[in-house]
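> Any chance you could fold what I've pasted below:
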Amino acid sequence: MNLVRFVIPIMLLLVLSSFSNAIGIGASPSRLEFNDVMRGGYAESMVYVSNPDTTPITVTISTTGNISQWFNFSSTTFDIDGNSFYELIVYLSPPSDVANGNYNGSIVICASPKGNVSSGMGNLISPGVAILVTVDITGEQNLSGRTILFAAGDAELGDPIPFSVSFKNDGNVIAEPIFKISIFDNQGNLVTSEEFSNATIKPTTTETMQFLFNSQNLSIGQYWAELETTFGSQVSTSNKITFDIVEKGALTTKGELIEVHSNVWAKTGEVVSIIAVFENTGETVADAQFKGEVKLNDEIVQVIESDELEVAPGSSVNLTTYFTPSEPGQYVIEGYVLYSKKITEKKSSILNVNWASTNQTASQTTSSVSGGFDITMFAAVFVMLAAILVFWFVKSRKVVEVKKKRK
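This next block holds a predicted model:
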């Protein structure tokens, strides 16, 4: 009996010690409200998921409630470094046959040490937060939107003029505004105009569009631009903004390859999107194209190239290529951006590939750890406790039997 009293506290201390590597997580806002959403419509919102501690974490997203199938996310599993945050985009798409009314659900955000995904028993003790979501479904269309930004850049003689327009869709249906840009000289005379009508903006979202205006009819000098936005029956006109047409070679050409990224994990035979993010930091329009190589064991397995895209000054663009791995292993993706006869610094990323067969990947998942909780430690302690209890039970019965014989 004394042995049990001594050992059990030690075992409990070992169990509690497996939780000592505490991690934290936060989310803002703590509540999401989607109002006047159309049946079969669309809405989105942003949630900032934060890691207040220094330990990197892996975050998993799940949903609860009768609207859980309405949600999609920019990612359902992602890593956050210590004292950092992640911008999680929440997409809402209710079915077309849902009845009007109010609906509720929750988004559950759980954290575990980086590289470990919470599952099973680990979810019981993983730190996490729940965001309450309310959705108001309506059958009435609301067509509402506004232009919130109109900007222009300078251009060299004969080059297109870069314009930026940001439009906010405040309604609950897709917006397809028509933008008309008019150019005036210093005397206020209309020189030329052009319409742009290929914009499609989803409800609750803001889109920034880049328009390249043909400047062939403009000579060197200062000009003014005015934006007219037609949206349904609404017509609005912006204030005039100024820009210059300058001599060839007067504007600087600069650019930067921000990053090259893809999914961290993939399976053989799976098509993987490789995205190179390029930013035009110069003063003139740049033609940008990503060129790279995919290597396995230092051997080139594929050369990749994106389409060439025009990038306005101050803008960034995703240059996308595709790769289908045929063998498992750790691939290195490396490349640069060729822009206006210049090249950027090389950037790289890692792609880990497993066999598509579940039989060959099962052995790789059996040793995973859940939610900051050491399952191996728990199992060992549980077995030890069970053995001690069995030993104590058998010993107690023998003592009772001995006492009965003495009587």
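
> quick one, helices of the stretch 251-400 of the chain?
If DSSP state H, counting those that start in this stretch is used as the criterion, the helices of the stretch 251-400 of the chain fall at 358-361, 375-406.

> so where is the chain shaky, pLDDT-wise?
1-22, 115-126, 357-384, 386-407 (pLDDT under 70).

> Grab the nearest non-local neighbour of residue 97.
residue 39 (7.2 Å; CB to CB, 6 or more residues apart in numbering). Glycine gets a C-beta too; all of them are placed from N, C-alpha and C.

> Would you verify that residue 40 is located in a helix?
No - using DSSP: H, G, I helix; E, B strand; the rest coil, the assignment for residue 40 is coil, not a helix.

> surely it meets residue 137?
No - using CB atoms under 8 Å, residue 40 makes no contact with residue 137, being 9.9 Å away.

> so who does residue 160 touch?
212-215, 285, 310 (CB atoms under 8 Å, 6 or more residues apart in numbering).

> try 7 Å
212-215, 285 (CB atoms under 7 Å, 6 or more residues apart in numbering).

> Columns neighbour count on top of the residues you listed, output as TSV?
Shown next, in TSV, are these (neighbours: other CB atoms under 10 Å):
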residue	neighbour count
212	17
213	19
214	12
215	19
285	24
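
> which ones among these are found in strands?
212-213 (DSSP state E).

> Tell me which two in the contacts of residue 160 are the farthest apart.
Among the contacts of residue 160, the pair separated by the greatest distance (CB to CB) is 214 and 285, at 12.0 Å.

> Could you count how many residues lie near residue 269?
With neighbours defined by other CB atoms under 10 Å, the count for residue 269 comes to 11.

> cool, and the one 4 residues further on?
The burial metric for residue 273, expressed as a neighbour count using other CB under 10 Å, is 12.

> show me what contacts the residue most central in space within the chain?
The chain has residue 74 as the residue nearest its centroid, 4.2 Å off, counting by CA atoms, centre = their mean. By CB under 7 Å, 6+ apart, the contact list for residue 74 reads 88-89.

> returning to what we had before: more neighbours: residue 40 and residue 137, which one.
Ranked by neighbour count (other CB under 10 Å), residue 40 and residue 137 place residue 137 first, with 22 against 12.

> Return the distance of residue 34 relative to residue 82.
In this view, residue 34 and residue 82 are 32 Å apart by CB to CB, to the nearest Å.

> of the two, who's got more company?
Each of residue 34 and residue 82 has its neighbours counted (other CB under 10 Å); residue 34 has more, 23 against 13.

> where does the closest residue in space to residue 216 that isn't next to it in sequence land in three-state SS?
Counting by CB to CB, 6+ apart, residue 158 is the residue found nearest to residue 216 once chain neighbours are left out, at 6.6 Å. Three-state call for residue 158 (three-state DSSP): coil.

> So what's the residue count around residue 158?
Residue 158: 11 neighbours (other CB under 10 Å).

> if we can go back for a sec, I'd like the contacts of residue 160 written out as a markdown table, with distance to residue 277 added.
Shown next, in a markdown table, are the contacts of residue 160 (distance: CB to CB, whole Å):
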| residue | distance to residue 277 |
| --- | --- |
| 212 | 20 |
| 213 | 25 |
| 214 | 28 |
| 215 | 28 |
| 285 | 18 |
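
> Overlap in contacts, residue 40 and residue 137.
Common neighbours of residue 40 and residue 137 are listed as residue 94 (criterion: CB under 7 Å, 6+ apart).

> Report the spatially nearest residue to residue 332, omitting neighbours in sequence.
residue 295 (4.7 Å).

> if I pick that neighbour, what's in contact with it?
301, 331-332 are the contacts of residue 295 under CB under 7 Å, 6+ apart.

> coming back round to it: return the distance of the residue nearest to the centre of the chain relative to residue 244.
Separation of residue 74 from residue 244 (CB to CB) stands at 39 Å.

> longest strand of the protein?
strand 101-113.

> chain center to that one: distance?
17 Å (CA atoms, centre = their mean, to the nearest Å).

> Just the buried positions in that strand, please.
103, 105-107, 109-113 (16 or more other CB atoms under 10 Å).

> partners of whatever helix or strand comes next after it in the sheet?
Using DSSP states H and E, the helix or strand that follows strand 101-113 towards the C-terminus is strand 128-138. Using DSSP bridges, strand 128-138 pairs in its sheet with strand 31-38 (parallel), strand 101-113 (antiparallel).

> got a markdown table for those strands, with distance to residue 48 too?
Compiled in a markdown table, the strands paired with strand 128-138 are given as follows (distance: least, CB to CB, whole Å):
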| stretch | distance to residue 48 |
| --- | --- |
| strand 31-38 | 12 |
| strand 101-113 | 11 |
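
> Nearest approach to residue 183 belongs to which of these?
So among those, strand 31-38 is nearest, using CB to CB, at 38.2 Å.

> next helix or strand past that closest one?
Downstream of strand 31-38, the next assigned helix or strand under DSSP H and E is strand 43-51.

> out of the contacts of residue 295, who has the most neighbours?
Neighbour-wise, the contacts of residue 295 (other CB under 10 Å) top out at residue 331, 22 neighbours.

> wait, what's in contact with the residue nearest to that residue when sequence neighbours are not counted?
Spatial nearest neighbour of residue 331, excluding adjacent residues (CB to CB, 6+ apart): residue 351 at 4.3 Å. Residue 351 makes contact with 262, 266, 272, 331, 333 under the criterion CB under 7 Å, 6+ apart.

> what do you get for residue 134?
When contacts are counted by CB under 7 Å, 6+ apart, residue 134 is found next to 33, 102, 104.
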